[in-house]
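Novice: Give me the fold of what follows.
(chains A and B)
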Amino acid sequence: MLAALAVVAGWPFLQTIWLGFTDAELGGGPAKFVGLDNFGGLLEDPTWWRAVANTLVFTVLSVSLEAALGMVIALALDRRFPGRSLVRAAVIVPWAIPTVVSAKLWAWMLNDVFGIVNAVLDGLGLLAKPVAWVAAPGTALLSVVLVDAWKTTPFVALLLLAGLQGIPGELYEAGRIDGAKPLQIFVFITLPLLRPALLVALIFRTLDALRVFDIIYVIAGDNPASMSMSVFARQSLVEFQQVGYGSAAASLVFVIVAVVTVIYVRAGRLWQEA
Amino acid sequence: MRRWRRRGAQALFFLLIAAILFYALFPFYWAVVSSLRSGSRLFSISLLPLHPAWSNYLAVFQAEPFFRNILNSLFVATLVVLISLGFALGAAYALGRLRFAGRRMLLMTILGVSMFPQIAVLSGMFFIVRTLGLYNTPWALVLSYLIFTLPFTTWVLTAFMRELPRELEEAAIVDGARPLTLVLRVLLPLLAPAMVTTGVLAFIASWNEFLFALTFTLTPDERTVPVAIALISGASAYELPWGRIMAASVIVTLPLIALVLAFQNRIVSGLTAGAVKG
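Specialist: From the prediction side, this is the model:
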């Protein structure tokens, strides 16, 4: 088992790190060791920095949006009402749709000429002229965030719902008897008890968002306005065939993800103890 | 007065539920409607599919090797599920039951690998795939998908394994069962529900994977479904055949929605078991 894992995951990973220190090219001659040249090049590459900034903005916006929407949906589904299990089933649907498909669905709805989003906004008189959501630099990243939030909010909502259903009802009752208002109950009873579930959801979603590739690639391609770190690394590797440079970028993605994970786990522990 | 406020709150609540339903379901509904429109009707924004036409669905299979793509996806996903469940069963037994030095460390490593950015193994994997002569074959995808399915299935099965009572195994051992008999005859039936859940999740993950599939395949015949959909193109870059794209999307999504709805309770518990026990 260990051997299997080492072969399928460990070996390619070490290979990637090694390639990052070479000048390897696809179909080129034998790779030469070039030390830190690739990393130095990345530090001076504005497109790379743009990709890093895009990824961080994407992560912060999409994870906060998903947490907020997920919380609203989880709280709504935690109440008893007729047809609740049907609504819960419906909420899972976006999560069941393959990422590429959700990206295409939204690319079609956000299409500048034929998309229904522009048609509706135009019909409401909110738009002076059609917006090219996906192509315009100002809205490209925002569109991608909205699509990602749509696709993964169910995951967050279901994790939070599982957490909510573990909170004993007596606590709410005690709160109400003591005269707490709904908002106070949420802040002082629900939220603290929901911490573990919320933390897990946030960590999973953040690590996922930092390595985002599919959604951005399918919706906006290699558009630098919305390019993520993974899209940048793949572009160097495959389109530009600079395997050394792309591998260096991929290793940096790994380092950034690892650093964020450590920060998260530390912060989570502090929050848990507070 | 109070009754009116209650009524109002209730109305607001159902409005919220309606909004949630609309948000969750409308995009896919719109894809279905669009896929049933041919020619210039596609650009209509009426909400109902008044004149359903199946031409887009026919076109998907005629203009693209889409049937072949579906078979590729099925082949890769099925094989990945079988291999990872087989490995994970053995590993979960070792991790959940046997005590050995560094067990905790090993578990953390496994979790770490499953959180791994895929891009970090892409170039290394590419060279391995090329050296083994697997480039542009489904086998390259089977090999690379194991990177994320193996740790995940092992992790979840280990979590389930820990909850099984030890007494059953001890009884079997007293009765003289060997390790292999123990795993196959005692543990397998007990773990079957957990294996179905992890199997379904691993299947979905493999069916949906895009980055490796895009990079390790070249010709249209070898593509899996997500790559095929992403790369459907029209006569020029500026006129994408949206009707066909939507038809293909609906075809590959319906079985998945059915799968997820059928297993929804199990999937939620599988996800939380994988997540919360860490």
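Novice: Can you tell me the element B:V129 falls in?
Specialist: helix B:119-131 (DSSP states H and E).
Novice: Now the element after that helix, going C-ward?
Specialist: Scanning onward from helix B:119-131 (DSSP H and E), the first element met is helix B:138-163.
Novice: Show me which parts of that next one are buried, residue by residue.
Specialist: Across helix B:138-163, burial judged by 16 or more other C-beta atoms under 10 Å in any protein chain shown covers B:138-161. C-beta coordinates here come from the backbone N, C-alpha and C atoms, glycine included.
Novice: Stretch A:70-78 now?
Specialist: Buried residues in stretch A:70-78 (16+ other C-beta under 10 Å): A:G70, A:M71, A:V72, A:I73, A:A74, A:L75, A:A76, A:L77.
Novice: number of nearby residues for the residue of chain B found nearest chain A?
Specialist: Chain A sits closest to B:G124 of chain B, with a gap of 3.1 Å, by C-beta to the nearest C-beta. Here the count is done by other C-beta atoms under 10 Å in any protein chain shown, and B:G124 has 24 residues near it.
Novice: Remind me what the helix holding B:V129 packs against, helices and strands.
Specialist: Here helix B:119-131 touches helix A:11-20, helix A:229-234, helix A:243-273, helix B:138-163, helix B:211-216, going by 3 or more C-beta pairs under 8 Å, 6 or more residues apart in numbering or on different chains; DSSP states H and E.
Novice: Can you check which of those helices gets nearest to A:N38?
Specialist: helix A:243-273 (3.6 Å; C-beta to C-beta).
Novice: Give me the average confidence score over stretch A:142-158.
Specialist: The average pLDDT within stretch A:142-158 is 92.
Novice: from the middle of its chain, how far away would it be?
Specialist: 8 Å (C-alpha atoms, centre = their mean, to the nearest Å).
Novice: And the helices in the stretch 1-150 of chain B, which stretches?
Specialist: B:2-35, B:55-63, B:66-96, B:103-114, B:119-131, B:138-163 (DSSP state H, counting those that start in this stretch).
Novice: now the third one against helix B:55-63, angle please.
Specialist: Pointing back at helix B:66-96 there. 90 degrees (axes from the mean of the first three to the mean of the last three C-alpha atoms, to 10 degrees).
Novice: So helix B:66-96, near chain A or not?
Specialist: Yes. Using C-beta under 8 Å from any C-beta of the partner chain, helix B:66-96 comes into contact with chain A via B:F87, B:G90, B:A91, B:A94.
Novice: Next, format those residues as CSV and append neighbour count and pLDDT.
Specialist: Converted to CSV, these look like this (neighbours: other C-beta atoms under 10 Å in any protein chain shown; pLDDT from 0 to 100):
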residue, neighbour count, pLDDT
B:F87, 18, 87
B:G90, 16, 82
B:A91, 25, 83
B:A94, 17, 79
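Novice: Return only those of the buried residues of helix B:138-163 found close to chain A.
Specialist: Applying C-beta under 8 Å from any C-beta to those, those adjacent to chain A are B:L143, B:S144, B:L146, B:I147, B:L150, B:P151, B:T154.
Novice: wait, what's in contact with the second one?
Specialist: Remark: with contacts taken as C-beta atoms under 8 Å, 6 or more residues apart in numbering or on different chains, B:S144 is in contact with A:V8, B:V121, B:M125, B:V129, B:F212, B:F216.
Novice: Check the residues you listed and tell me the two furthest apart.
Specialist: A:V8 and B:F216 (13.8 Å).
Novice: Got phi/psi on A:T22?
Specialist: Per-residue torsions, A:T22: phi -120, psi 170 (degrees, to the nearest 10).
Novice: The closest residue to it other than its chain neighbours: how many residues sit nearby?
Specialist: Nearest non-adjacent residue to A:T22, counting by C-beta to C-beta, 6 or more residues apart in numbering or on different chains: A:A31, 3.9 Å away. Counted by other C-beta under 10 Å, the residues lying close to A:A31 total 16.
Novice: do the same with B:L58
Specialist: B:L58 has 13 nearby residues by other C-beta under 10 Å.
Novice: where does the chain have low pLDDT?
Specialist: Here I'm looking at chain A. Residues of chain A meeting the criterion pLDDT under 70: A:1-9, A:27-30, A:274.
Novice: Chain B, not that one
Specialist: In chain B, residues with pLDDT under 70: B:1-2, B:39-47, B:49-51, B:99, B:101, B:107, B:110-111, B:114-115, B:234-239, B:270-278.
Novice: So the residue sitting nearest the centre point of it: helix, strand or coil?
Specialist: The residue lying closest to the centre of chain B (C-alpha atoms, centre = their mean) is B:I204, at 1.4 Å. What DSSP: H, G, I helix; E, B strand; the rest coil gives for B:I204 is helix.
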